[in-house]
Each structure stands twice: as structure tokens, then as C-alpha cells.
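# my questions concern the predicted model and sequence given below.
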Amino acid sequence: METAPIAAWTLQNEIPIPEDVRPLLVPGEEPVAAFKTFRDSAVFTSKRLIVRDAQGLTGKKVEIYSLPYNTINMWSSENAGRLDWNSEIELWTRAGHIKVKLSKGADVRRIDSLIAWAVLGNH
């Protein structure tokens, strides 16, 4: 059964952890990896995936999505090899289906292993 995703994000290249994510973290939560998105960033922490989405012409309004790893029931990764620029990761969560597109520069295997680390053994 094909269902429309509740969210669709695009991750680009890996970037240094943005300093402005630190105020969002709870005690004991550590940032692990960050990726550039179309208008902002996605940060894998020790507890969740935080996706920031700057909105509007100025980008001053920011919507923040927080996906705790324990809500992920299943995921899949898809790519056609090293030069595939249309890779994607799909997440099935308690909230619904999330599609994560990966643009050129995003390493699908790195992201797949981050999700496996987070869901299967981190906590």
C-alpha cells in the first residue's frame, strides 16, 4: 500500500554541527552529525533527528522537527551506486511515513549507518 509521506526532507553534504542547535538539546544529549538541507540543517543527535526548516523570504521563521529514534519502526535506503544523485531514505514511524531525499554530496551509506546506530544500539 503506497501512502503519501507526512514529511519530505532533502539532505545535502555533511557539515560541521551548527552551534545554534545546542540550546535545543536536553541534558545528556549530544550532536553526532549534521547535514545541510535546502534552507537549513538536519542534525543527528544521540537521541533524535532534528530538522530545522527556515521559512519565508527572510528565513527568520524556523520550523523545527524532532524525530526521536525510538519512534522509527523501519527504514529503507535506495541508491543505484556511487554516482547516483537520486538516493533516498524512507522512514516508517509511529507518526507516519517520512521520505528523505539525498542530493549529490550526501553519502547514503553514511546516513543509513547513522540511522542503524541510532535505532538499533545507541540507547
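Perfect, I can see it now. Every value quoted in this text rests on a predicted model; they were computed, and no experiment measured them.
# what ranges do the helices span in this protein?
108-120 (DSSP state H).
# confidence score at Ser66?
At Ser66, the model reports a pLDDT of 93.
# give the burial count for it, as a bare number.
Counted with other Cβ atoms under 10 Å, the neighbours of Ser66 add up to 12. C-beta coordinates here come from the backbone N, C-alpha and C atoms, glycine included.
# for Val26, same thing?
8.
# can you list the low-confidence ranges for this structure?
Within the chain, the segments meeting pLDDT under 70 span 1-6, 56-59, 80-85, 122-123.
# pull the contacting residues for the nearest residue to Thr93 once chain neighbours are set aside.
Once flanking residues are discounted, Thr93 sits nearest to Thr71: 4.6 Å by Cβ to Cβ, 6 or more residues apart in numbering. Shown in contact with Thr71 (Cβ atoms under 8 Å, 6 or more residues apart in numbering): 93-95.
# let me see the contact set for Ala106.
Here Ala106 is in contact with 11-14, 35, 87 (Cβ under 8 Å, 6+ apart).
# got the phi and psi for it?
The phi/psi pair for Ala106 (degrees, to the nearest 10) reads phi -90, psi 130.
# how deep is the residue nearest to Lys101 when sequence neighbours are not counted tucked in, by neighbour count?
Excluding its sequence neighbours, the residue lying closest to Lys101 (Cβ to Cβ, 6+ apart) is Thr10, at 4.4 Å. Counted with other Cβ under 10 Å, the neighbours of Thr10 add up to 17.
# go ahead and confirm Thr10 touches Leu102.
Yes: counting by Cβ atoms under 8 Å, Thr10 touches Leu102, with 7.4 Å between them.
# residues touching the closest residue to Gln12 other than its chain neighbours, list them.
Leaving aside its chain neighbours, Gln12 sits nearest to Lys36 (4.2 Å; criterion: Cβ to Cβ, 6+ apart). By Cβ under 8 Å, 6+ apart, the contact list for Lys36 reads 11-15.
# can I have the buried ones of those as a PyMOL selection?
In PyMOL, this line selects whichever of these come out buried by 16 or more other Cβ atoms under 10 Å:
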select buried, resi 11+12
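# narrow the contacts of Lys36 to those in strands?
11-15 (DSSP state E).
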